[in-house]
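Novice: how does the following fold in three dimensions:
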Amino acid sequence: MPTWQQLRDAKLTEYEQAADGWSKVSNRADAARIRVDQEMAAPIHTTQKGEAQTSAGRDLTRLGRNYQYLHGECGLVRTTLNALASELSGVQKQLGRALDDAADLKFTVNEDGSVEYPRSTELPMASGTSPGTGAARPGAPVPYLPGAGEANGDPNKGKAEDIAERISQAVSGAIEIDNRYAKILRELKAPDGLAVTDDMLLDEAHDTRDVQKTVGTYLGKDGIPHGKSAADNKEWWDGLTQEQREEYQTLYPAEIGALDGVPSVVRDSSNRTVLDESRARVRSELDALGPEPPQTMVDAAGRTGSNPDWVLWNAKGGTRFQSQLKGMDAIESRFDRTGIDGLPPAYLLGFDLKGNGHVILANGNPDTADNTAVYVPGTKSKLEGAAGDIGRMTRVWKEAHGLDPSQSTSTITGGTDASHTTVIGHSYGSTTVGAASKAPGHFAADDIVVAGSPGVQTFHGLPYDAGYIQTVPSDEAFGAHRMAVDTDGHSGYWDEDSLSLQNQGAVVTGRYNQVVHP
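Specialist: Take a look at the predicted model:
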């Protein structure tokens, strides 16, 4: 239990220095994860074959995940220590002001926190008190003779009591802070082993929530912008210290990962944490349901009907969990393909499991790209079908990069603002694009491509000089540029080596003269 002397003498910079050490480990782990994913894993696909390639790829995936986990857990320790130093600093200053007041008044603070003050010789003495001094303790009035009354008491009495109470409050505050942070620091530990398990990821998510509660007054979620523009968010982020950025990223990965205007590298790292923890949670919930029962069963009469066991399994979320895992596996698969056929690093700019699930994934860094293409899927799009959406924009990237390797290109499944931006709307996603384009000045796109469109909710022409339409609305009177199509099917526009795909690549890179018209 801290005493006032221990609180006075506490060197809080030692906590901050320890936090800096954990910060260095956390940052180095994140840098190592990026190096593993972007520099080490990619060559495996060209230098190794067969089982050697599979084994090396598996080991590097595990290594990258270990670094990701290390980055998060060490970041939590860093933030906790900084918050501890910050809170203790408050009560230490409170104590310091009380001690300064005592010194100014020539009062003496005893080891037990009581305060001795000089008594007036003209006042009556209470039994047990020393001539010329009085003693004030927190919560206990300084003794005075019955009938003398407060008005006739020593003028130093109230001052000494006030100082004693302030000392007591500072020490009590330090005790509460010490107990609260000691508990959370004891919990921030990991088991031995070479692999990060689902249980460890779930424990990390639990640790994050606990640290959020513990340090809420130091770094609350309310400090993060909500409902602001990307420009406003960027201004907020740029105004933070590097330490504050790292702490927000550690404590609130979902919020920072979803924040337009924050650097893509930061959002990617944050969302990978959310993805890892979400996969662990969904796998755990699916495993808890047991193996999937057969959907149908045959009764004694030979009739086929629904299996009640499967109906119950499904009602508890079985099919939903499987679908979510399928979508998350598709995201991981894209991460693993970095470097294959020159494919750039993937940046996870958004991810959640709300509703049908959502993913924003970029091929290449949109913050530094010369050209950006954004794909808006249709209304039936679900996380389960992420592989198809991601694959389409991967093929658009390859086509655009092949047309002009000198320009950097980022193709995105989702949405962002960038330099030369092309928005690609598919099916009812094109309807969304058309509706959004009705507000000039608020839709940051240079070109719009719509494919498989049932209509774009606008009349003659879009409010832009360039618009490229591959299917309905295909009337020449619409006012857009029509592109030739050589593919079939609702989603055939992204078939490899097709003219449909080549035309999109030409628009994305601004090579309009290479667009083939019908």
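Novice: switch to C-alpha atoms for all contacts and neighbour counts from now on
Specialist: Noted.
Novice: ok, the spatially closest residue to Met200 that is not a sequence neighbour to Asp100 distance?
Specialist: In space, and not counting its chain neighbours, Met200 is closest to Ala190: 7.3 Å by CA to CA, 6 or more residues apart in numbering. Using CA to CA, to the nearest Å, we find Ala190 at a distance of 44 Å from Asp100.
Novice: can you map out the strands along this protein?
Specialist: Assigned by DSSP state E, the chain shows strands spanning 108-109, 115-118, 133-136, 296-298, 304-306, 346-352, 358-363, 371-376, 409-413, 420-426, 447-451, 468-469, 481-482.
Novice: each with direction, which strands does the fifth one pair with?
Specialist: Strand 304-306 has the following strand partners under DSSP bridges: strand 296-298 (antiparallel).
Novice: what sits opposite the closest residue to Asn110 other than its chain neighbours in the beta ladder?
Specialist: Distances taken as CA to CA, 6+ apart place Glu116 nearest to Asn110, at 7.4 Å, with adjacent residues excluded. Judged by DSSP bridges, the bridge partners of Glu116 are Thr108, Ala135.
Novice: count of neighbours near Glu116?
Specialist: 22 (other CA atoms under 10 Å).
Novice: let's number from 44 now, not from 1
Specialist: Got it, first residue is 44 now, which makes that one Glu159.
Novice: that one reaches Asn199, doesn't it?
Specialist: No. Counting by CA atoms under 8 Å, Glu159 does not reach Asn199; the two are 9.8 Å apart.
Novice: returning to that earlier point: pick the most buried one from the strands of the chain.
Specialist: Ranked by mean neighbour count, these are led by strand 452-456 with a mean of 31 (mean count of other CA atoms under 10 Å).
Novice: helices or strands next to that strand in the packing?
Specialist: Packing partners of strand 452-456 (3 or more CA pairs under 8 Å, 6 or more residues apart in numbering; DSSP states H and E): strand 401-406, strand 414-419, helix 429-446.
Novice: now the last one: how far from the chain's centre is it?
Specialist: If you compare the mean C-alpha spot of helix 429-446 with that of the full chain, they lie 26 Å apart, counting by CA atoms, centre = their mean, to the nearest Å.
Novice: pull out the buried residues from it.
Specialist: Neighbour-count burial for helix 429-446, counted by 16 or more other CA atoms under 10 Å, picks out 429-444, 446.
Novice: got the angle for that helix vs strand 401-406?
Specialist: Relative orientation of helix 429-446 and strand 401-406, computed by axes from the mean of the first three to the mean of the last three CA atoms, to 10 degrees: 20 degrees.
Novice: list the residues that contact Arg310.
Specialist: 299-302, 390-393 (CA atoms under 8 Å, 6 or more residues apart in numbering).
Novice: tell me which of those is nearest to Gln60?
Specialist: Distance to Gln60 across those (CA to CA) is lowest for Ile299, with 25.7 Å.
Novice: isn't that closest one right up against Ser313?
Specialist: Yes. Between Ile299 and Ser313 a contact is recorded at 6.7 Å, counting by CA under 8 Å.
Novice: common neighbours of those two, please.
Specialist: The contact sets of Ile299 and Ser313 overlap at Gln292 (CA under 8 Å, 6+ apart).
Novice: just the terminal-to-terminal distance for stretch 389-403.
Specialist: End residues of stretch 389-403 are separated by 10 Å (CA to CA).
Novice: residue contacts, Met340?
Specialist: Counting by CA under 8 Å, 6+ apart, Met340 has contacts 347-350.
Novice: okay if I get those residues as a markdown table plus distance to Thr251 and pLDDT?
Specialist: Listed next are these as a markdown table, based on distance: CA to CA, whole Å; pLDDT from 0 to 100:
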| residue | distance to Thr251 | pLDDT |
| --- | --- | --- |
| Thr347 | 49 | 90 |
| Gly348 | 46 | 89 |
| Ser349 | 42 | 90 |
| Asn350 | 41 | 91 |
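Novice: I'd like the residues you listed as CSV, with distance to Ala203 appended.
Specialist: What follows is the contacts of Met340, written out as CSV (distance: CA to CA, whole Å):
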residue, distance to Ala203
Thr347, 88
Gly348, 84
Ser349, 81
Asn350, 79
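Novice: of those, closest to Ser424?
Specialist: Scanning those for proximity to Ser424, where the rule is CA to CA, the winner is Ser349, at 27.6 Å.
Novice: isn't that closest one right next to Gln338, touching?
Specialist: Yes. Contact criterion CA under 8 Å: Ser349 and Gln338 qualify, at 6.1 Å.
Novice: quick check: which of the helices and strands packed on strand 452-456 is nearest to Arg288?
Specialist: The minimum distance between Arg288 and the helices and strands packed on strand 452-456 falls on strand 401-406, with 21.8 Å, by CA to CA.
Novice: helices and strands around the closest one, which ones?
Specialist: strand 389-395, helix 429-446, strand 452-456.
Novice: these: which one's closest to Pro561?
Specialist: helix 429-446 (19.9 Å).
Novice: any idea which helix is longest in this structure?
Specialist: As assigned by DSSP state H, the longest helix anywhere in the chain is helix 93-147.
Novice: tell me which other helices or strands it touches.
Specialist: On a contact count with 3+ CA pairs under 8 Å, 6+ apart, helix 93-147 meets helix 47-52, helix 55-78, helix 84-90, strand 151-152, helix 198-230, helix 241-257, helix 285-294, helix 307-332.
Novice: weakest of these in terms of mean pLDDT?
Specialist: Mean pLDDT values for the helices and strands packed on helix 93-147 show the minimum at helix 84-90, a mean of 79.
Novice: other SSEs contacting it?
Specialist: helix 93-147.
Novice: switch to 10 Å and redo it
Specialist: Applying 3 or more CA pairs under 10 Å, 6 or more residues apart in numbering; DSSP states H and E, we find helix 84-90 packed against helix 93-147, helix 361-379.
Novice: who's in contact with that helix?
Specialist: 78-79, 95-104, 107, 378-388 (CA atoms under 10 Å, 6 or more residues apart in numbering).
Novice: before we move on, back to that, and of the strands of the chain, who's closest to Ala323?
Specialist: It's strand 389-395; of the strands of the chain, that one is closest to Ala323 (CA to CA) at 13.6 Å.
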